[in-house]
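S.K.: sharing a model prediction with you, sequence too.
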Amino acid sequence: MNFFKKFFSKEKEEDLHKGLEKTKESFFSQITKAVAGKSKVDISFLDELEQILISSDVGLETTVKIIDRLEAKVAEEKYLNSSELNDILKSVITDILSENNTVDLDDFVPVTSDKPHVIMVVGVNGVGKTTTIGKLANQYTKRGYKVVLGAGDTFRAAAVDQLEIWAGRSRSEFYSKGMNTDPAAVACETVQYAQNHGCDVAIIDTAGRLHTKRHLMDELTKIKKSMDKKMNGAPHEVLLVLDATTGQNAIEQARHFTDATDVTALALTKLDGSAKGGVVLGISDQFKIPVKYIGVGEGVEQLQVFNRKVFVDMFFGHKLDRE
């Protein structure tokens, strides 16, 4: 049996295939042209590859790493033709994704047996943070977990209402203290609610904040500490949501958020609307933080667990072998 068939359904495969279409058109078609007819890796090819990677928002630092490793592997493996070069490039990119402690998940499961499993979700406004929370909650409840959503975004107009709607859609519990209340108190009391009501998972929304506003970023530390006082070790995950369509700006956001709090996992949204899927590689490599989820469409089922092998295979324009 093919390794991927075990958990990667035909429907999920199609969603990912369609979601990465723009990136594949931009990246894979250029790579195909660059390697066509090549009998050796020369300066002109490496310059062309550099431009392709940078235009896909892989980032300069990661691009240089890919090119250096590609040269080393070609010298080591005695590159003979374009097909082999393509395979070597895939191998290099897969290895880089493996270096950030990414674990290839096969389903949506809490990462700790402690109850509740607490997730604090952070990110700037407009990245799809609340929608990602709703989709994640839906995946958990669908698998039989009892979930509560905590409305810690207490300042943005309609944020509390929006999360409550998602709680209803995802069949989750909902905890709120209303607008203009202390988000740290909301986070702490949501954990308490989860403990009192036997919830398996508590997902805490936080206010979208400009990553350049230091005092707002510092507030994340306060929110995190409030949960730890209520339950030792909480939150068990700090999930940073980033919009893939923003390219290098997403990398800048990641830099500021990782400075402000202990981000443990990433969710990349809107990959279906971008030709900049390479940002997944750049962020993963530069911050050594696992990419855990990717959004490949607006549908509630189109939030997927991230599997680096599947992603790279799709990134290079191939569907999975289901023979």
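M.R.: Everything's here; your move.
S.K.: show me where the stretch 1-150 of the chain has helices.
M.R.: Using DSSP state H, counting those that start in this stretch, the helices of the stretch 1-150 of the chain run over residues 10-19, 21-35, 43-55, 60-77, 82-98, 129-142.
S.K.: buried deepest among these, which one?
M.R.: Stretch with highest mean neighbour count among the helices of the stretch 1-150 of the chain: helix 129-142 (a mean of 23; mean count of other Cβ atoms under 10 Å). The way it works is simple: take the backbone N, C-alpha and C, and place the C-beta from them, glycine included.
S.K.: please name every helix or strand in contact with whichever strand or helix holds residue 187.
M.R.: Residue 187 belongs to helix 183-196 when assigned by DSSP states H and E. Counting by 3 or more Cβ pairs under 8 Å, 6 or more residues apart in numbering; DSSP states H and E, the packing neighbours recorded for helix 183-196 are strand 117-122, strand 147-150, strand 173-175, strand 201-205, helix 214-230.
S.K.: show me which residues of it are buried.
M.R.: Within helix 183-196, the residues that qualify as buried by neighbour count (16 or more other Cβ atoms under 10 Å) are 183-184, 186-194.
S.K.: so which of those comes closest to residue 117?
M.R.: Nearest to residue 117, judged by Cβ to Cβ, of the buried residues of helix 183-196 is residue 194 at 9.0 Å.
S.K.: who's in contact with the residue nearest to residue 95 when sequence neighbours are not counted?
M.R.: If the residues on either side of it in the chain are set aside, residue 95 comes closest to residue 69, at 7.4 Å by Cβ to Cβ, 6 or more residues apart in numbering. Taking Cβ atoms under 8 Å, 6 or more residues apart in numbering as the definition of contact, the neighbours of residue 69 are 92, 95-96.
S.K.: who's in contact with residue 151?
M.R.: By Cβ under 8 Å, 6+ apart, the contact set of residue 151 is 159-160, 163-164, 174-177, 186, 205.
S.K.: wait, residue 108 touches residue 140, no?
M.R.: Yes: using Cβ atoms under 8 Å, residue 108 makes contact with residue 140 at a distance of 5.9 Å.
S.K.: any idea which element the spatially most central residue of the chain lies in?
M.R.: Most central in the chain under Cα atoms, centre = their mean is residue 267, positioned 2.5 Å from the mean C-alpha point. Following DSSP H and E, one finds residue 267 within strand 265-269.
S.K.: other SSEs contacting that strand?
M.R.: helix 129-142, strand 237-243, helix 279-287, strand 291-295.
S.K.: figure out which of those is closest to residue 100.
M.R.: Between residue 100 and these, the shortest gap by Cβ to Cβ is with helix 279-287, which sits at 5.0 Å.
S.K.: now the closest one against strand 265-269, angle please.
M.R.: Going by axes from the mean of the first three to the mean of the last three Cα atoms, to 10 degrees, helix 279-287 is angled at 160 degrees with respect to strand 265-269.
S.K.: contacts for the helix holding residue 187 next, please.
M.R.: Contacting residues not belonging to helix 183-196 are listed as 115-116, 118, 120, 148-154, 173, 175-177, 199, 201-202, 204, 206-207, 219, 222-223, 225-227, 229-231, 234 [Cβ under 8 Å, 6+ apart].
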